[in-house]
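Enquirer: what follows is a protein structure lacking sequence information:
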């Protein structure tokens, strides 16, 4: 066992995860939402996982990050910050087969809960976006009338 090799692997995973985080944090908010994580997973694994599996995996990642957040920041906000993302990726050597095993060994009711949480959070964000667009349109129309 080589500690130097493990440190090098950890460093490369951490640097890669920072780069990946920055690529997928398209709006530069400093965190990834469920939907951004889902899009990242879909771009990487859509040929290997079903859409439902991707939704479960996205929600699973958020839940794991929230477990970490609860211990560190005492917040479970459904978002993953860069340090949390790096921690999730760098501390474990999980692979696609391991992730599929996690998904497929879940009880059906737990799988359904993850799907419902993902879809509920996504629908809520979509509704919020539509409301913001409607408000912006009304404000723009009011400004034109003045």
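Expert: Nice, thanks for sending it over. As the structure is a prediction and not an experimental result, all values here were calculated from the model.

Enquirer: need the contact partners of stretch 10-23.
Expert: Applying C-beta atoms under 8 Å, 6 or more residues apart in numbering, the contact partners of stretch 10-23 are 32, 40, 82, 85-86, 88-90. C-beta coordinates here come from the backbone N, C-alpha and C atoms, glycine included.

Enquirer: which parts of that stretch are buried?
Expert: Using 16 or more other C-beta atoms under 10 Å as the test for burial, stretch 10-23 gives 13, 17-18, 20-21.

Enquirer: average pLDDT across that stretch?
Expert: For stretch 10-23, the mean per-residue pLDDT is 84.

Enquirer: likewise stretch 57-72?
Expert: Stretch 57-72 comes out with an average pLDDT of 74.

Enquirer: just stretch 78-95 next, same as before
Expert: For stretch 78-95, the per-residue pLDDT averages 73.

Enquirer: so which bits of it are buried?
Expert: 78-81, 84-90.

Enquirer: over to stretch 37-50?
Expert: Neighbour-count burial for stretch 37-50 [16+ other C-beta under 10 Å]: 37-42, 45, 49.

Enquirer: can you flag which of the buried residues of stretch 78-95 belong to helices?
Expert: Secondary structure defined by DSSP state H assigns 84-90 of the buried residues of stretch 78-95 to helices.

Enquirer: and which of those is nearest residue 110?
Expert: The closest of these to residue 110 turns out to be residue 88 (C-beta to C-beta; 19.6 Å).

Enquirer: I'd say that closest one and residue 65 touch.
Expert: Yes: with contact defined as C-beta atoms under 8 Å, residue 88 reaches residue 65; the gap is 6.1 Å.

Enquirer: just the endpoints, please. Distance across stretch 40-57?
Expert: 11 Å (C-alpha to C-alpha, to the nearest Å).

Enquirer: about what we covered before: would you convert the buried residues of stretch 37-50 into CSV that also reports pLDDT and distance to residue 28?
Expert: Output for these, formatted as CSV (pLDDT from 0 to 100; distance: C-beta to C-beta, whole Å):
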residue, pLDDT, distance to residue 28
37, 90, 16
38, 92, 19
39, 92, 16
40, 89, 16
41, 91, 20
42, 93, 21
45, 90, 25
49, 89, 28
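
Enquirer: so which of those residues are in helices?
Expert: Judged by DSSP H, the subset of these located in helices is 37-42, 45.
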